[in-house]
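Participant: What follows is a predicted structure for the sequence shown.
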Amino acid sequence: MKTLIVLIGPTGVGKTELSLRLAEHFRTCIVSADSRQLYADLKIGTAAPTPEQLQRVRHYFVGTLQLTDYYSAAQYETEVLQLLEKLYTEHEVVLLTGGSMMYVDAVCKGIDDIPTVDADTRRMMLHKYETEGLENLCTELKLLDPEYYKTVDLKNHKRVIHALEICYMTGKTYTSFRTQQKKERPFRIIKIGLTRDRQELYDRINRRVEQMIADGLVEEVRSVYPYRTLNSLNTVGYKEIFNYLDGEWTLPFAIEKIQQNSRIYSRKQMTWFKRDEEISWFNPGQEEEILAHIENCMAQDKDTKTRSHTDNFGENNVKCLIAKGICRFVPHSSAGGF
């Protein structure tokens, strides 16, 4: 059976370098599961693979979109599954890595078939959000879809807006489209989670933000400033520098806020991932243990198939012998055997 290795973990934990080494070990390619690395203009702030890293291993879903392009987890699910079908004609193993929780779940579990929001509805809801505020939208959601209102994070404006978009566009509740049934996949999925001691992770995040600034993050954000209202730029690292460019914050304060918000995001990621019991957790330094675990999972599957084939072979032989009168069937409860 073909295998999808899913390497996940919080921002800054060390997924990039390990994913490269694992891909090289299995002589395969990498499918990115980072919703912001999709955008070609967002390289530094998203820690996108460098030209050297892209040269080492073939990557997919990196730098393929423009900032103005609309994209969703549902589109990602469809396109990744189509790509995997093609890749599995060339590879036994493919590696998927990233920290965008919805994108990972879209591939591994599938997401509900929710209609794509049209441009007019999207513009209308964005205008309502900008003019009326989140509190009014939450009140409206309570009226239109009280069931979803009880479960959604009401501070997450994107989720509230999206639910209302579906309500307005379809005339149905957002809840009616959420079946949350796991879809079967025609490939084996092995999930590897990376984790570190919290303080070690936080130190890495802080240093990485400082390195982004040194690499030219301010200049990168300045170059996309005209598009700042787009959802693609509603992202940690860009929002804070926008405030600096607007004169609202000093640069040192903006850097501190990027570090703080990145740490908060890492906690949200871990909360999400920890709910998945299929993930096996390792420190990024445990590369040999990770490889052994992957090989063991693949070997177990082969053993199961072999036993199943052997059992079926033996059962068919017995049936054949009975039919020919060479042996007779004795009920399991009786003493003896054939």
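Facilitator: Ah, there it is. Numbers count the residues shown, from 1 in each chain.
Participant: What are the boundaries of the strands in the chain?
Facilitator: Applying DSSP state E to the chain gives strands spanning 3-8, 30-32, 59-60, 93-97, 188-194, 279-282.
Participant: so how far is Asn231 from Ile290?
Facilitator: 35 Å (CB to CB, to the nearest Å). Yep, even glycine has a C-beta here, placed from its N, CA and C like the rest.
Participant: Please apply the same query to Thr139.
Facilitator: Counting by CB to CB - Thr139 and Asn231 are separated by 23 Å.
Participant: cool, and Ile192?
Facilitator: 30 Å.
Participant: re earlier: looking at Ile290 and Asn231, which one has more neighbours?
Facilitator: The residue with more neighbours, out of Ile290 and Asn231, is Ile290; 23 against 13, by other CB atoms under 10 Å.
Participant: what's the pLDDT at that one?
Facilitator: On the pLDDT scale, Ile290 is placed at 98.
Participant: now do Thr64
Facilitator: pLDDT, Thr64: 97.
Participant: hang on, it packs against Ser35?
Facilitator: No - if you go by CB atoms under 8 Å, Thr64 and Ser35 don't touch, sitting 11.9 Å apart.
Participant: So these two - more neighbours on which side?
Facilitator: Neighbour totals were compared for Thr64 and Ser35, and Ser35 leads with 22 against 14 (other CB under 10 Å).
Participant: Tell me how many other residues crowd the nearest residue to that one once chain neighbours are set aside.
Facilitator: Take Ser35 and drop its neighbours on the chain: the residue closest to it by CB to CB, 6 or more residues apart in numbering is Ser100, 4.2 Å away. As a burial measure, Ser100 scores 19 neighbours (other CB under 10 Å).
Participant: hmm, back to that, would you point to the one among the strands of the chain that's packed deepest?
Facilitator: Using mean count of other CB atoms under 10 Å, the stretch among the strands of the chain with the largest mean neighbour count is strand 30-32, at a mean of 26.
Participant: Between the strands of the chain, which one is closest to Asn243.
Facilitator: strand 30-32 (28.1 Å; CB to CB).
Participant: Pairing partners for the closest one, with directions?
Facilitator: strand 59-60 (parallel), strand 93-97 (parallel) (DSSP bridges).
Participant: So which residues make contact with the longest one?
Facilitator: Here strand 93-97 makes contact (CB atoms under 8 Å, 6 or more residues apart in numbering) with 2-8, 15-16, 19, 22-23, 26, 28-33, 80, 84, 87-88, 104, 107.
Participant: Ile8 versus the residue most central in space within the chain, what's the distance?
Facilitator: Taking CA atoms, centre = their mean as the criterion, Val104 is the residue nearest the geometric centre of the chain, at 2.3 Å. Val104 sits 6 Å away from Ile8, going by CB to CB.
Participant: who touches both of these two?
Facilitator: 33, 98.
Participant: Enumerate every residue touching Thr11.
Facilitator: Counting by CB under 8 Å, 6+ apart, the residues that Thr11 touches are 47, 99, 205, 262, 265-266, 269.
Participant: try Ala73
Facilitator: So Ala73 contacts 35, 102-103, 105-106, 111 (CB under 8 Å, 6+ apart).
Participant: Top of those by number of neighbours, please.
Facilitator: Tyr103 (24 neighbours).
Participant: Can you show me the helices along the chain?
Facilitator: With DSSP state H as the criterion, the chain has helices at 15-25, 51-56, 73-87, 101-108, 119-132, 134-144, 146-151, 157-170, 198-215, 217-223, 239-245, 251-273, 287-323.
Participant: Indicate which one of those helices is closest to Ile279.
Facilitator: From the helices of the chain, taking CB to CB, the stretch that ends up closest is helix 251-273, at 6.1 Å.
Participant: Check which residues of the closest one are buried.
Facilitator: 254-255, 257-263, 265-266, 269-270, 272-273 (16 or more other CB atoms under 10 Å).
Participant: closest to Gln75 among those?
Facilitator: Using CB to CB, the buried residues of helix 251-273 come closest to Gln75 at Trp272, 20.5 Å.
Participant: Can you give me the pLDDT of that closest one?
Facilitator: At Trp272, pLDDT is 92.
Participant: follow-up on the earlier one: figure out which of the strands paired with strand 30-32 is closest to His157.
Facilitator: The nearest among these, by CB to CB, is strand 93-97 at 28.3 Å.
Participant: What's the separation between Glu147 and Phe273?
Facilitator: With the distance defined as CB to CB, Glu147 ends up 26 Å from Phe273.
Participant: about what we covered before: the residue nearest to the centre of the chain against Gly9, yeah?
Facilitator: No - judged on CB under 8 Å, Val104 makes no contact with Gly9 at a distance of 10.6 Å.
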